[in-house]
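Asks: Could you look at this predicted model? Sequence included:
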Amino acid sequence: SNFFKDVSVKIDNEILYINVDENPIIQEIIYKGIKSNRIKEAIKENLILKPRSSYNEISLKNDKENVKSALKKLGYYFSEIEIYVENLQDNKVNITFDIDIGDKAKIKKISFIGNKIFKERKLKSLIVSEEYKFWKFISGKKYLNEDLISLDKRLLKNYYLNKGFFNVEINSSFARLVDNKNFELIYNINANEKFFFDNLSIKLPNDFDQQNFDRLNKLFSDLKGEPYSLNRVKNILEEIDLIALEDQYLSVNASVEEKIVSDKINLTFTIDVSQQSIVEKINIFGNNVTRENVIRNQLEIDEGDYYNEILANKTINNLKSLNFFKTVKSEVLDGSDINQKIINISVEEKPTGEISAGAGVGTNGGTVSFGIRENNYLGKGLTVQSNLTINEESLKGLFSVSNPNYKNSDKAVYFTAEATETDRLKNFGYKTNKNGFTIGTNFEYLRNFRIGVGNSHYYEKIDTDSTASTRQQAQEGNYWDSFLNFRLDYDTRNQKFQTSDGIRSRYFLDLPLLSETASLTNSFDFKSYAELYENNVSTFSFFLSTTTSIKDENIKLSERIFLPSNKLRGFERGKIGPKDGDDFIGGNYAMALNFSSTIPKILENSQDIDVLIFLDAANVWGVDYFDGNDEGSELRSALGIGVDWLTPIGPLSFTLAEPLSKANTDKTESFRFNLGTTF
């Protein structure tokens, strides 16, 4: 019981005598040397001894180790702890932890050893931990942190599983002290053999209609011979879930059996009917910040429903995907009746705020950015963010609030306010200030297909001086514009980061409701990813955008279309298409076709460099008021090679491009580079 220092027992004349020597009672536990309440709470969380509990020397030694372990999880690997016990009257004591937390342990270097297959540049981009640099004064990811290391290992393992390495082993991760304050973080990876899907089949209960599951056969056929992917297995299980639920199979669970034959994997998906039980109660524990309704909004199963293991597992996945919790656990217990179940869900919360800052320099000039984001504002599940971006010609600030599940409707509602200033007075005689806000919603209409509807309002002021052209001076003044925004997004990418397969197709429409120029804007952006051979990622994209006035007016300077710099390499950004004097003013129409493909065999042994080839073709043309040299009939195109290099300063990308076709007025750019870093 830990209540007593000593206990002795004896029997005398048929009487049992128990003599005890009580441990002192702890009156107070004091923590010296730590000012941060967050650190204090972290070290107190797993302590055995508490105020008003019995003092025990063995427990105190264990608590000392618990404190050191908690500090290590926070990155303090060099802490020193002294413990003082003060004896008081009435068999009581005070305990003082005198703590010198020391400096945080920095990650000087991150290394990957073993049969890792992929280059270190790729693997570093997957993990959260990052190497310490003196300018990274905001990022906390540069410190050694056990929780981040555990997350890194999961991210690495999932990446390999999605690349066909079914038996990948992240054997160990360990930190090696390289000097008095810094560590080398080392991940030992054994990818093992690559596996491919072979025969896929499904087993159904006798009373299930096989025809309801026929649509899976095409999916099975398409996957045969493809590299094994954990995401694809999950997609099949989700498809089975949908079919089972659509056909009112209320109490079912789905499992998958994997059988390896040589380098092939046979998968058998089995659906079982479980005994029908009613969910009597769902209890939620551990949510001290997050409101219970935010958690319950993620439940796929509710009290009073038939218990369904598929939906119960999907609920846990939904909660994990919120990224509000360090851990999410569940247990299913028998209820008050044999046909009832109680579900207990336990969550452990974690910080959900982020601060970011970054800077970049390149051929197109320099950029500085700063941002703050809270993903679970006031525990309501709201995302609140604000950011500021500054470059040589413009300044842009943005503030947004988003509710991903407004009033339990499964629809996201958002509000965005933004302000932009573009100053080209010195070179071209005009300056624009544009401020406004947008309110909208988006939701999943079909699987992988989302629809968005919004309403935006902008106030814009255009100033000119005597150096501006006559047409530009004619647009000086104040404008108020309101638009109806319509968005379609079809996304089948295998993953949003480091995508290697799938497509994304997006359509944007801005319809003028109240506007002097009544500018109607349409944009279509399509991108397809594929692996043409081992370790290759090839990308094809098509972009088309138009903006015209439905009132036959001249659209404003800020509404003209410029191609993003990555849509046309080999040319200076924004320096193609219509010109007004020396000023490239953009156009009413823009189009781009792009193809790129990585070449893993070039510089194969260089761990920090990737090489790709590309072919770009694009055009910007048409100005409603234009009576000068448009050059709109010329198609611009370029062929080139690109290099992505992970330097000690930050990611550096540069391209060498040779224009194949151009207009006389275009400004070409054979060499382009961009270097960025975060703080």
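Replies: Perfect, thanks for sending it.
Asks: make it CA atoms for all contacts and neighbour counts henceforth
Replies: Will do.
Asks: Report the buried residues of stretch 293-300.
Replies: By 16 or more other Cα atoms under 10 Å, the buried positions in stretch 293-300 come out as V294, I295, R296, N297, Q298, L299, E300.
Asks: Centre of the chain to that stretch, how far?
Replies: Computed by Cα atoms, centre = their mean, to the nearest Å, the chain-centroid distance of stretch 293-300 equals 21 Å.
Asks: So what touches it?
Replies: Contact with stretch 293-300 is made by L311, A312, K314, T315, N318, L319, G379, K380, G381, N405, N408, as judged by Cα atoms under 8 Å, 6 or more residues apart in numbering.
Asks: same thing but at 10 Å, please
Replies: 282, 284, 287, 302, 308, 310-322, 345, 347, 376, 379-382, 404-410 (Cα atoms under 10 Å, 6 or more residues apart in numbering).
Asks: ok, the helix or strand where Y490 lies: who's next to it in the sheet?
Replies: Per DSSP states H and E: Y490 is located in strand 477-491. According to DSSP bridges, strand 477-491 forms sheet pairs with strand 449-464 (antiparallel), strand 502-514 (antiparallel).
Asks: tell me the contacts of the nearest residue to F524 once chain neighbours are set aside?
Replies: Spatially, and ignoring its direct neighbours in sequence, F524 is nearest to Y507 (4.6 Å; Cα to Cα, 6 or more residues apart in numbering). Residues near Y507 by Cα under 10 Å, 6+ apart: 451, 486-490, 522-526, 544-545.
Asks: And for V256?
Replies: Contacts of V256 (Cα under 10 Å, 6+ apart): S201, I202, K203, V233, K234, I236, L237, L267, T268, F269, T270, I271.
Asks: Next: A105.
Replies: Contacts of A105 by Cα under 10 Å, 6+ apart are 72, 74-78, 132, 142-145, 177, 180-183.
Asks: and the residue nearest to F443 when sequence neighbours are not counted, how many neighbours?
Replies: Excluding its sequence neighbours, the residue lying closest to F443 (Cα to Cα, 6+ apart) is K411, at 4.8 Å. Neighbour count for K411, taken as other Cα atoms under 10 Å: 18.
Asks: V413 too?
Replies: 22.
Asks: quick one: what helix or strand has it in it?
Replies: Using DSSP H and E, V413 sits within strand 412-424.
Asks: what is the orientation angle of that strand with strand 449-464?
Replies: 30 degrees (axes from the mean of the first three to the mean of the last three Cα atoms, to 10 degrees).
Asks: in strand 412-424, what's buried?
Replies: Buried, per 16+ other Cα under 10 Å, within strand 412-424: 412-424.
Asks: what's the spacing between that strand and its chain's center?
Replies: On Cα atoms, centre = their mean, the centre of strand 412-424 falls 22 Å from the chain's centre.
Asks: again, but for stretch 614-622
Replies: The answer for stretch 614-622 is 31 Å, by Cα atoms, centre = their mean.
Asks: Next: stretch 184-204.
Replies: Counting by Cα atoms, centre = their mean, stretch 184-204 comes out at 23 Å from the chain centroid.
Asks: measure Y187 to S172 for me?
Replies: 6 Å (Cα to Cα, to the nearest Å).
Asks: Next: N2.
Replies: 37 Å.
Asks: re the thing from before, filter the contacts of A105 down to the buried ones, ChimeraX style.
Replies: Here is the ChimeraX command that selects the buried residues among those (16+ other Cα under 10 Å):
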select :72,74,75,76,77,78,132,142,143,144,145,182,183
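Asks: which of the contacts of stretch 293-300 are buried?
Replies: By 16+ other Cα under 10 Å, the contacts of stretch 293-300 give 282, 287, 302, 308, 310-312, 314-316, 318-320, 345, 347, 376, 379-382, 404-405 as buried.
Asks: So which of these sit within strands?
Replies: Of those, the ones assigned to strands by DSSP state E are I282, I345, V347, N376, L382.
Asks: And the pLDDT at the closest residue to the fourth one other than its chain neighbours?
Replies: It stands for N376. Leaving out its chain neighbours, the residue that sits closest to N376 by Cα to Cα, 6+ apart is L382, at 5.2 Å. Here the pLDDT value assigned to L382 is 94.
Asks: Hmm, N375 and L382 touching each other?
Replies: Yes - L382 lies in contact with N375 (Cα atoms under 10 Å); the separation is 6.2 Å.
Asks: and L219, what element?
Replies: Using DSSP H and E, L219 falls in helix 215-223.
Asks: Skip ahead from that helix and say which helix or strand is next.
Replies: Using DSSP H and E, the helix or strand that follows helix 215-223 towards the C-terminus is helix 230-246.
Asks: quick check: angle from that following helix to helix 215-223?
Replies: Going by the same axes, to 10 degrees, helix 230-246 makes 170 degrees with helix 215-223.
Asks: ok, and what's touching helix 230-246?
Replies: Under Cα under 10 Å, 6+ apart, the answer for helix 230-246 is 158-166, 202, 208, 212-213, 215-216, 219-220, 223, 229, 248-256, 267, 269-271, 308, 310-311, 314, 447, 494-495.
Asks: So which bits of the helix or strand just after it are buried?
Replies: Remark: after helix 230-246, the chain's next helix or strand is strand 252-261, criterion DSSP H and E. Under the neighbour-count criterion of 16+ other Cα under 10 Å, strand 252-261 has V252, N253, A254, V256 buried.
Asks: Stretch 477-490 now?
Replies: Y479, W480, D481, S482, F483, L484, N485, F486, R487, L488, D489, Y490.
Asks: quick one: average confidence on it?
Replies: Stretch 477-490 comes out at a mean pLDDT of 95.
Asks: that older thread, what touches both of Y187 and S172?
Replies: Contacts common to Y187 and S172, judged by Cα under 10 Å, 6+ apart, are K153.
Asks: neighbour count winner among those two?
Replies: Y187 (22 against 11).
Asks: Touching, the more buried one and K157? I think so.
Replies: No - in this structure, Y187 is not within contact of K157 by Cα under 10 Å, at 11.3 Å.
Asks: show me the contacts for L123.
Replies: Going by Cα under 10 Å, 6+ apart, L123 touches S111, F112, K116, I117, D152, L155, L156, Y159, Q607, D608.
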